[in-house]
Structure formats: C-alpha cells, structure tokens
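Asker: How does the following fold in three dimensions:
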Amino acid sequence: MLFRIKLLQNLIIINNARRIMSSKVERSLKDLNFDNQILKCLPIDPVKENYVRTVKNACYSLVNPTPLDNPRLVCYSTNALRLLDLNSDSLNDDDDYAIKCFAGNTVIPGSEPAAHCYCGHQFGIFAGQLGDGAAIYLGEIINSHHERWELQLKGAGPTPYSRDADGRKVLRSSLREFLCSEAMHHLGISTTRAATCIVSDTKVLRDQFYDGHPKLEPCTVISRIAPTFLRFGSFEIVRKLDPASGRCGPSVGNHQLLRTMVDFAIRSYFPDAQDANESPVEKYKNFFHDVVNRTAKLVARWQAFGFVHGVLNTDNMSILGLTIDYGPFGFLDRFDPDHIPNTSDHDGRYRFKKQPEMCLWNLLKFAEVLEPLVPFTELKTIIKDSYYETFANEYIDIMRQKFGLSKKITENLDNDEILSDKELIEKFLETLDLVGGDYTNCLRYLNILISPGLDEHDDSMERLKNELMKQTSSFEDAKTFYEKFIHSPMAYMKMVLLQSFPNQSPDEDMISLLQKIERYKYLNEIDEHEYLEQCQNYWNEWLIAYVKRIEFETKELTDKDGLNKYDNERRILMNSVNPRYVLRNHLVQKAIMKAEQENFDEARRLLQALEKPFDENSNFDDYTERPSRSMCELRVSCSS
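Answerer: Residues are numbered from 1 along each chain as shown. Below you'll find the model as predicted:
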C-alpha cells in the first residue's frame, strides 16, 4: 500500500507538469494577463532616475532594462513558458519580437519594470543594502489556471542596487542558472524557474577566477519565473545597526514597513496562516512556522539529491522554500560530505554537510528581523520544535524511497541485524565516503537488485556489486582526493586552530579532518589490491544489511506472485526518485564552451535530458558516465 501511495504522489507531480504542458490557452507576449499587485501593495522609491543610491523606506525602484546588441536565443524551456500561457512554438531563432522582449530590448505590454530592494548576511556578516543589482521585475502574470507568476529578467542592466557593478550577467553563469533551474524542477525540488536564455554581442569584462586575468565575455539575459522572489533579505531592510559590520538596513527601524511587508506576504502567499479568530501575533507565528517548515523540506531534498547551493546567504533564501539565485552550485559526483563547489568559500561555511545548519542559522536571522512583530524567544521556539524534526522526516522519507523500502523503522528492533532507517542511511553514506562512490549513480544502480526469494536474486546481487565497484574511486584517485583535501584552505585553517588551541576539545569538523588525514596515511601504506578488496568488503557489509531490510519487508509474502509484484513496485518507486541524469559541473561546462563558440546544440540537448531525469534514454548515456578525477574537481567562482 505504501508503495502505491508513493507512486501515486510521484505520478501527481508528473501529471501536474503535463497539465501545464498541455494547456490549451495560448497567449502572445502582447496580451499577457499582467496584474502587478506587489507594486500596488508595497512602497515604491519616489526617485525615478537610475543611479546607485541608498533607497530608504521603499521596497522597489522603477527602472527599465538596458538594451543589448544583437540578442539571440540560446535555449528556452517549453514547460516554464507554459506557466505564462506562452506558446513556445513561436519562440525560435527567427522570432525577433520575442527575443527582444526576453532580452530587455522591448518592453512587454502590461509590464512595469522595477528592481527590488533587499539586504543580506553574506558569509555570516550583515552586508547592508544589496538589492536587485542585475535582475529586473517585469510584473506578475495570471495564467489560465488562475496562478500568479512573477516574471523577471536577470542580467538586464544597471539598477539603483548595482553598487559598483554593471548590472550584466555573462553567458557561463546565465546558462548554468537556466539549466539548473529547470533540472531542479524536474527532479521535484522546489525552485524558481527559467524560461529563456538570450545571449548578445554586448561584452563586459570579467575576472572569472579572481586571479588578475579578466577577459571580455558576452552579456546574457535569462527570464526567471516564481510566485514571488521575496526572500529573507527582503525584510532585513529594516534591520537595526549590526555591531559586527557597522551596517544597518536602509529602512532601519521602520516597523510599520515591516508589518506591511509581512501582511502582504501572508495575504498573497500564506493564506492559511491567517485566521480571523486569532491575534496578529499568532498570524505572524503561523507565517514563520510555515517558512521554517518549507525551508527544512527544501534543504532535506538538497541533501537527498546531492545538491550544494554554494552561497546560502540570507538574500538567497526564499520565503516560499524555493531554491533561488543559482551561482557557484554543484551536484555531488564522488560523495564527499565536505564538498565545496564555491572557490570563494575558503572555510567551507556552505559545504554540503553544513547546509541544514546554515539554513537554520538564516532562519534565526530572519526571526531577529521579525522581533518587532513577535517576541524573538517565541520564534526561536518554533525553530527548535519544528526545523530539525521536519528536516529529518522529509530526508529519511526520501532516502527510504531511494532504497525502495516501504516500511518505516524509526528505532532498533529486537533483531540487531535489522537496521533502522537512520542507521541504514548513515551506513550507506559512510560506505560511499570510504570508497569514493559516485552519489547519483550508486543510488540509481540499486535498482539492479532483485528481491531475495526470487530466482534471479543471486545473479542480480553479483551484477550490482560489479556496478558499484565501477562507481568506486580508483586507488590513485582516492589518494589524490585525500591529499588535495588536507592541503585545502579549509583544512589549513582548521589545523591552525588546532595548533593554536591544543587543549581545546576537537569539534565535529576537526574530528572529520583528522579522520581524513589518517585515511590518507593509511592509503599510502597499502597497495591497490588491498584497497579494492577493502572497498568490496565495505560494499558487501552494507548490502547484507540492505538485503535484510528487504527480507524484513517481504517476510509475510509467501508466494512468488506476491514477491514479484513487490519487487516490481519497489524498483519502479526507486526509479522515480533516483535520477539517471543530474546537472554535473563538467556537463554544463561542456555546454558553455560550445555556446561561447555560437554552438547552442549541446545546451539544448542537455536540457532535453534534464527535463526527464528519471527516464532511461540511450541517447544520453554519455551524461551518466562516472566523471574523471579532474572533472570532479571542477569548482565555480561567484563571478557572473
């Protein structure tokens, strides 16, 4: 029964996407149904000139996009365009009007371009006013399903929030965001959407790796879609003086503005939070509780699918629990809980395993801003009571599905051989870490295993073991991985701390670092044969525990027909949550390099695979190959 429920839930997600795709109502860009309520309900900056400034007591500044030279289409998402009732058939390389609209060269009728004012904590320090330095709100569109979608152009030119930048984005960062937005949606992870990617002949100077070697790169604009782009940092514009940074929000102390913003957010996006019989304080607590739960569920999905955001600042945290602002992100190749895709994150603040903790930290900062409306202690209690419980429930539920298991085991049974859900997951991740296994592929290939009790079980177990060993790091790759880690900036900083405070008890990070150092020393004391034999033993040990869990689930199935039915449903469920394709950094890098040479075919082909990430398609087999060591080492800067 639980199998069928999970399958039904996954089918509902797929059918909702198909419903949008098959919408019969089609509009042109000239008759979109704009209803720009956010500009009607939140204060607008009275200054109309477009120059960099501090914007006080306002949430938006009116500003027009800046045209580009010779804009042309790189790729588009049919599924995302359907959200706006747009027919993608008309959006092709020859549709000059549509391309100009999505480049920002032509103003779409009904749109009211504006830039959003927000603040943020960046790497733990309050940075004061940030705002849409390159993104421009066009308006909100009501589609034929009565859904409201905000449309943005990112990279459309300077705004009052551009600071010392030019308001532009380049092809490499724009194509990454476009592809990842759509990839995440089709994986079932809450996200903003991307409809179009437009490149141009306009060039800007960028120093991609901050190494003193800038070069000219083509300006690119993507169109982004979401119910709203309001984020934690939107409310930080009223933040009081931060003693650490010496900065405050541009609307510091304006508690009426804060109340107006929160009331608008509740009315528009959290209607269930308001109850006529409850006090305003209860309404605000309900709102915050919903934000906490959405955030916890989002980061649980990131962890389950091996996604690392890279820059989890408060200005990159959506109040709706959407993945927002794709920059130096990455999907795990070799499983590494300390993976850092961002070259600027020297101490690993936003590394993979830290994401749940950092999202909680950001929620605490959001709670601080809401203190004029609700006592901070009450908001902290909501976080304490809800966040980790919601996260754990969501994460364990997804991982259980990935293992194809239907029965929850939340605590140890009388039988010591049967691992609980948490134990089985932890043992799997520990094994992956020790053998350097490919995260996505190892999970996907668990579908090879046929349930114990069926004739093909033993043969399938041998095939699975062989495939898992193929996804395991080679001996040389393993040694290189640990050597690079212990010479990384993060490891260096941890060792300095250890030497500076030798009597201090090591924390979790320090223990992890010391374990990696010991692992590196050990690998240099053994040979390749011993290493591979050890990896096989690690896998065998986990697979024994995994098979016992399946046997526990099937112990009441006494006939082959029932067992066959269980096995089919188990593997169908696994294939609906374990993707065949994810947006690995080396794949998008290949698409970027070709696109920079005016060849957009690879970007479009990659998008096709990412739109059906759970389907087997031999045309995309090259996207599933375990990447080489050098490919796994690809990292990304914040340069955009």
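
Asker: Helices along the stretch 101-250 of the chain, start to end?
Answerer: Ranges of helices within the stretch 101-250 of the chain are 171-187, 232-235, based on DSSP state H, counting those that start in this stretch.

Asker: Could you work out which of those helices reaches nearest to A194?
Answerer: helix 171-187 (3.9 Å; CB to CB). The way it works is simple: take the backbone N, C-alpha and C, and place the C-beta from them, glycine included.

Asker: now for the closest one, which elements pack on it?
Answerer: Packed against helix 171-187 by the contact rule (3 or more CB pairs under 8 Å, 6 or more residues apart in numbering; DSSP states H and E) you find strand 72-76, helix 78-82, strand 193-206, strand 215-226, helix 585-595, helix 601-610.

Asker: List the strands paired with the longest one, with their directions.
Answerer: Read that as strand 193-206. strand 72-76 (antiparallel), strand 215-226 (antiparallel) (DSSP bridges).

Asker: centroid residue for this structure?
Answerer: T323 (4.8 Å; CA atoms, centre = their mean).

Asker: how about it, what does it touch?
Answerer: Going by CB atoms under 8 Å, 6 or more residues apart in numbering, T323 touches 181, 184, 189-192, 298, 302, 307, 309.

Asker: Could you list the low-pLDDT ranges of the stretch 151-300 of the chain?
Answerer: Confidence mapping of the stretch 151-300 of the chain against pLDDT under 70 gives the ranges 276.

Asker: if we can go back for a sec, would you reformat the strands paired with strand 193-206 as CSV and include distance to R267 and mean neighbour count?
Answerer: Below are these laid out as CSV (distance: least, CB to CB, whole Å; neighbours: other CB atoms under 10 Å):
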stretch, distance to R267, mean neighbour count
strand 72-76, 33, 22
strand 215-226, 17, 22
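
Asker: Of those strands, which is nearest N578?
Answerer: Closest to N578 of these is strand 72-76 (CB to CB; 26.1 Å).

Asker: could I get the strands paired with strand 193-206 as CSV with distance to T196?
Answerer: Shown next, in CSV, are the strands paired with strand 193-206 (distance: least, CB to CB, whole Å):
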stretch, distance to T196
strand 72-76, 5
strand 215-226, 5
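
Asker: P613: which of these is closest?
Answerer: Here strand 72-76 is closest among the strands paired with strand 193-206 (CB to CB), at 16.8 Å.

Asker: Apart from its neighbours in sequence, what residue is nearest F600?
Answerer: V74 (5.0 Å; CB to CB, 6 or more residues apart in numbering).

Asker: I'd guessed the one you found sits against I592; true?
Answerer: No. The pair V74 / I592 is not scored as a contact, 10.2 Å apart, by CB atoms under 8 Å.

Asker: Touching both of these two, which residues are there?
Answerer: In contact with both V74 and I592: 171, 175, 603, using CB under 8 Å, 6+ apart.

Asker: got a list of what the closest residue to the first one other than its chain neighbours touches?
Answerer: Using CB to CB, 6+ apart and skipping residues adjacent in sequence, the residue nearest L171 is T220, 4.5 Å away. Under the criterion of CB under 8 Å, 6+ apart, the contact partners of T220 comprise 74, 155, 169-171, 173-175, 197-200.
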